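Asker: I'll drop the sequence and a predicted model, then ask my questions.
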Protein chains: 2
Amino acid sequence: MKKTSFTIAGLAFLVAAASSLVQGQSAAPASEAPRYVKGTNLVRPPDYREWVFISSGLGMDYNPTPNARESPSFGNVFVNPSSYREFMKTGKWPDKTTFVLEFRGSTSEGSINKGGRFQTQLRGVEAEVKDSTFKDGWAFFNFGPANALQDSAEPLPDDAGCRECHTKNTAVERTFVQFYPTLLEVARKMKTVKPGF
Amino acid sequence: MKKTSFTIAGLAFLVAAASSLVQGQSAAPASEAPRYVKGTNLVRPPDYREWVFISSGLGMDYNPTPNARESPSFGNVFVNPSSYREFMKTGKWPDKTTFVLEFRGSTSEGSINKGGRFQTQLRGVEAEVKDSTFKDGWAFFNFGPANALQDSAEPLPDDAGCRECHTKNTAVERTFVQFYPTLLEVARKMKTVKPGF
């Protein structure tokens, strides 16, 4: 019985390896690949809270003259697990990688906490996808604020600010790896960071 | 071949189910269970960054008169995946659950960021374990600061502050679920929060 089981596993491995060769590069497995409806509308990944956490920030602001906010948001970034493992080996994102950016409110006083801030209710969910079926290989999505969260979202238009910013200011490909310390270390080692980082 | 493979899977399931019955309750699978050396010294989980992220806080301070800090730490909390899934179903932590609390530095100015704070270098790693082999079922560990991080750590003594605080002030069992919004929602539904939360 054991031998048969190994044979099945071996077969599955060969099929996966062959499929990878055909594609010419690694890609996230089908179970983690982005799902679309109406062509290119991304379905909000239902299980992103079980994906790999990349990092979080509080009240981050790219505005040259940032506004002090009374209740800044935490931003939690998640990526599908197989793409994370691939990045930790190569410093590159495989095709079909999905990133979810989740915004949450924050508060200082609550229970025994008296200083700093902790996370509270959901404020919004956005996503970024590396997918060669899009024009330049990347697409951005906004599922809207928490009180009107959409199950799917269309790709943001070419002139959306996020697209330009993720092209000009990111350390690795279209991703802000400069803000993700565990990934930055790997990207530096693998020499996949852009000049200047 | 397919039938044989299902038989093996079925057998594995029966063994797992029987083992769960013998234990009288659910528990994290062996692969995720805490590992000890020298009896009760916890081995730092090598893959905790791939575990499920519970939440993070910035500069949280339980001191009634908190000190403003120039460079507050982010605290990221992770839990082993099977225990997370069990909690999301029941609002309770299974035996052999491990929590990792990771501290990271923070900064405001970096790359294009001008406001708020993002995470930087590792500052320290701590853990909390629910394990019935300990006197009251819970143990706390400190792997030390990042520049002297230990591969394993002994349980903190009975009079350690964390033990008392995690007994008196936590919303669910010995865990600060009041600071983890996605878990708090489940615990309220399952009525596993302590009175007052």
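Answerer: Structure's in. What do you need? Residues are numbered from 1 along each chain as shown, chains lettered A, B, ... in the order given.

Asker: what angle do the longest strand anywhere in chain A and strand B:115-130 make?
Answerer: The longest strand of chain A (DSSP state E) is strand A:115-130. Counting by axes from the mean of the first three to the mean of the last three Cα atoms, to 10 degrees, strand A:115-130 lies at 100 degrees to strand B:115-130.

Asker: show me what contacts the residue lying closest to A:Thr107 once chain neighbours are set aside?
Answerer: For A:Thr107, ignoring the flanking residues on the chain, the nearest one in space by Cβ to Cβ, 6 or more residues apart in numbering or on different chains is A:Thr120 at 5.4 Å. Just so you know, the C-beta spots here come from the backbone N, C-alpha and C atoms, and that holds for glycine as well. Neighbouring residues of A:Thr120 by Cβ atoms under 8 Å, 6 or more residues apart in numbering or on different chains: A:Arg104, A:Gly105, A:Ser106, A:Thr107, B:Pro181.

Asker: before we move on, back to that, check which element follows the longest strand of chain A along the chain.
Answerer: Proceeding N to C from strand A:115-130, the next assigned helix or strand is strand A:138-145, under DSSP states H and E.

Asker: and the helices in chain A, which stretches?
Answerer: For chain A, applying DSSP state H gives helices covering A:2-23, A:81-90, A:161-168, A:181-189.

Asker: mean pLDDT lowest where, among the ones you listed?
Answerer: Least confidently modelled of the helices of chain A is helix A:2-23, at a mean of 43 by mean pLDDT.

Asker: residue ranges with poor pLDDT in chain A?
Answerer: Within chain A, the ranges that satisfy pLDDT under 70 run A:1-25.

Asker: apply 90 and report the result again.
Answerer: For chain A, the stretches with pLDDT under 90 are A:1-31, A:63-70, A:109, A:196.

Asker: what bridges to the most centrally placed residue in it?
Answerer: Among the residues of chain A, A:Phe99 comes closest to the average C-alpha position under Cα atoms, centre = their mean, at 1.4 Å. Judged by DSSP bridges, the bridge partners of A:Phe99 are A:Val79, A:Glu128.

Asker: A:Trp138 is in contact with that one, correct?
Answerer: No. In this structure, A:Phe99 is not within contact of A:Trp138 by Cβ atoms under 8 Å, at 10.2 Å.

Asker: give me the common contacts of the two.
Answerer: A:Glu128, A:Val129.

Asker: save the contacts of A:Thr120 as JSON lines, and put in distance to A:Pro155 too.
Answerer: Converted to JSON lines, the contacts of A:Thr120 look like this (distance: Cβ to Cβ, whole Å):
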{"residue": "A:Arg104", "distance to A:Pro155": "24"}
{"residue": "A:Gly105", "distance to A:Pro155": "27"}
{"residue": "A:Ser106", "distance to A:Pro155": "29"}
{"residue": "A:Thr107", "distance to A:Pro155": "34"}
{"residue": "B:Pro181", "distance to A:Pro155": "29"}
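
Asker: narrow those residues to just the buried residues.
Answerer: A:Arg104, A:Gly105, A:Ser106, B:Pro181 (16 or more other Cβ atoms under 10 Å in any protein chain shown).
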